[in-house]
Each structure stands twice: as structure tokens, then as C-alpha cells.
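*Asks:* I would like the atomic coordinates for the input below:
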Amino acid sequence: MSRRTKLIILGIFLVLLSIPGIYLFLTWEVEKPLRFRLVGKELESIIGTAESGDFVRIEVINTTATGVEMTAAGVEDGDAPPGTTFAGIIHHMDARPLPGSSASESMLSAHGHFIFFMKLEKTDNPVNQQNLRIAYGYLTRSKRRALALHDAIEPYLPKFLEGRIPLPVESYEQTLLEPAP
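*Replies:* Numbering: from 1, shown residues only. As a prediction, the model looks like this:
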């Protein structure tokens, strides 16, 4: 085989090999992938009279071109110290999708939306609906696939590799809770 043919084959191989690498680079980490919007009632009218266990509906919108799995989220008062969850909790294990939602479980497709029920906690704090934030954790589809691959090959790894393969970590963001339209 001539040298020119070898270089052409090598070039084609490198181009084909770079395509998944570029995809992973572009979809591994995305910035502020989710938006949250109340559906239906005004939160101010609900929080003050809510009994523990009441639910409101929140629409979650994926603004990116890759799938995103929301792992957990909580509503926070923007005026309160960071990490003070006061109004409700959304968690992927407690999520109840509504019929017609575009996602299964908590994986939102690219540019998809999903409606969750948020369970309210009893609070007597005054609520400023314009300043509510949602703190949430998420994994991109690429990270979720890497975790699934790790779980699949882990039982077959040699002993000296156990615990030495780094795992992708969950990302965290905060965004404003948009009021009901």
C-alpha cells in the first residue's frame, strides 16, 4: 500500500474518531439548561394558606440542544440565606408527570418541556413571588450515559482499577421561578 493511501485512511479514521469527541465536548456540560414556570395559580395566594402536602404545578423547560435529567430541585426565597428551602421540594423520585408531557421520568429531551407537581411545605413567611429561585441539580445525557457505562463495566474491572475511574459529577444551577402567565 502506498504512503498516500495510508495517510488518506489515517485521515478518514481521525475524522471519524473526532466526531464523538466533539459531540461529548459540546454536550458534556451546559450552562443554565432549565427554566421553571408556574402553571395555573399564583404562588402568593397558595403559600400563605397551604397545608403541608398541597401541590402546585411547575413547568420545566429545557433550553438546550441536548437532553438533561433534573435530579433534584427546591424553591428558595431570593432574600433568604442561600440553601434555605422554604416553599417546596421537587425531587425526581417525587415527580408526577402529567399526561401529554414530553419526557419520561425526569429526562427532558432537547428543547422539551415537562410538568411536575411540587409538594408545598407549611410556612408562615411572607412570599415575594418575583424573587423566588429554584436551585436544581442536573446531569446531561452524555454524563448519564457515562454513568450507565461505568455501572455496566464496573463488575468486570480488575481489582487494581476499582475506585480509580473518575465518575461524572452532578451540576448545580439557580434560576428564577417565572410567575404563571
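*Asks:* name the helices or strands packed onto the longest helix seen in the chain?
*Replies:* As assigned by DSSP state H, the longest helix anywhere in the chain is helix 3-27. Packed against helix 3-27, as judged by 3 or more Cβ pairs under 8 Å, 6 or more residues apart in numbering; DSSP states H and E, are the following elements: helix 141-153. The C-beta positions use only the backbone N, C-alpha and C, and glycine is treated the same way.
*Asks:* tell me the angle of the helix it packs on relative to helix 3-27?
*Replies:* Taking axes from the mean of the first three to the mean of the last three Cα atoms, to 10 degrees, helix 141-153 and helix 3-27 form an angle of 110 degrees between their directions.
*Asks:* give me the contact list for helix 141-153.
*Replies:* Here helix 141-153 makes contact (Cβ atoms under 8 Å, 6 or more residues apart in numbering) with 23-24, 27-28, 66-69, 107, 139, 165, 167-168.
*Asks:* any idea of the mean pLDDT in the longest helix of the chain?
*Replies:* What helix 3-27 shows for mean pLDDT is 92.
*Asks:* which outside residues touch it?
*Replies:* The contact list for helix 3-27, computed with Cβ under 8 Å, 6+ apart, reads Ala65, Thr66, Thr140, Arg141, Ser142.
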